[in-house]
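K.L.:
Provide a 3D model corresponding to the input given below.
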Amino acid sequence: ALRTPVVGSERTAEELGRAFPNTPIRTSSGTTVVRAVDSRPQVVVATPGAVPVAAGGYSAAVLLDGAMMLARPDLRAAQDAFSRWSEAVAAVRTGGSVVVVAEPDHPAVQALIRTDPMGFAQREAAARAEVMLPPSVRLVSLTGAAPDVQAVSDAVDVPGCVRRGPVPVADGQVRLLLSVPPAQGADLAKAVRAVIVARSAGRTGGAVTVRVDPRVI
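P.N.:
As a prediction, this is how the structure comes out:
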């Protein structure tokens, strides 16, 4: 049998309703956001950013879909997951229980268990610096046909600029990364913009997509 790894808040509420037939189930998500719930026994199913304030705090929380959140192809996947988890944990009363459905050895999960946001931030920053990713550098990605990407890259003249790529991406295009120290970020953005504007005005070559500090590399 096939089953989607993320079933959504409504389906989750239905399944919990069958598991706890005598317990009220409330949902808070999308356009139907519940701002607060009282202290009566109940189960609240909420999406990130839509967690209602519970009178006296929640007695327990289960953080679902952790593996999917951490596996997103996004530089801030772990950062976003940790932030959302921390928000949910903060809604649980002192002495309550929290269950995280995710790989227990993941740094974000370990930081949550230890209540160590500072340590998590330091490790994230160190890991990004090691591979020259923001915020340790300012980054510009160029995506398009190989000749066009190379032409734009060659025309950008910023001291200290490091070029990585090009590497193949979807639809026969390639991607190339330009990075500079944070203090030179504005210079790099201006230089790339000037090249793109000149190519557009002269109708030279094909389109090149430019992203500054992209979340997806």
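K.L.:
distance of residue 167 from residue 191?
P.N.:
With distances taken as Cβ to Cβ, to the nearest Å, residue 167 is found 22 Å from residue 191. To be clear about C-beta, it is placed using only N, CA and C from the backbone, and glycine gets the same treatment.
K.L.:
ditto for residue 51
P.N.:
44 Å.
K.L.:
can you check residue 38 too?
P.N.:
Counting by Cβ to Cβ, the gap between residue 38 and residue 191 amounts to 58 Å.
K.L.:
For these two, indicate the residue with more neighbours.
P.N.:
Neighbours per residue (other Cβ atoms under 10 Å) separate residue 38 from residue 191, with residue 191 holding more: 19 against 9.
K.L.:
On the three-state scheme, the more buried one is what?
P.N.:
Taking DSSP: H, G, I helix; E, B strand; the rest coil as the rule, one finds residue 191 in the helix state.
K.L.:
Helices of the chain, residue ranges please.
P.N.:
Along the chain, counting by DSSP state H, helices occupy 9-19, 66-70, 77-90, 107-114, 117-130, 146-155, 185-201.
K.L.:
Please identify which of the ones you listed is closest to residue 210.
P.N.:
helix 185-201 (5.8 Å; Cβ to Cβ).
K.L.:
got the contact list for that closest one?
P.N.:
Residues outside helix 185-201 that contact it (Cβ atoms under 8 Å, 6 or more residues apart in numbering) are 138, 140, 142, 151-152, 155-158, 161, 178, 180, 204-205, 208, 210, 212.
K.L.:
Check these for burial and list the buried ones.
P.N.:
Under a neighbour-count criterion of 16 or more other Cβ atoms under 10 Å, the subset of those counted as buried comprises 138, 140, 142, 151-152, 156, 158, 161, 178, 180, 205, 208, 210.
K.L.:
would you turn those residues into CSV with pLDDT and distance to residue 15?
P.N.:
Converted to CSV, those look like this (pLDDT from 0 to 100; distance: Cβ to Cβ, whole Å):
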residue, pLDDT, distance to residue 15
138, 96, 46
140, 97, 45
142, 97, 46
151, 96, 54
152, 96, 51
156, 96, 53
158, 95, 54
161, 96, 53
178, 97, 48
180, 97, 50
205, 88, 54
208, 95, 47
210, 96, 45
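K.L.:
where does this structure have low pLDDT?
P.N.:
By pLDDT under 70, the weakly predicted segments of the chain are 3-7.
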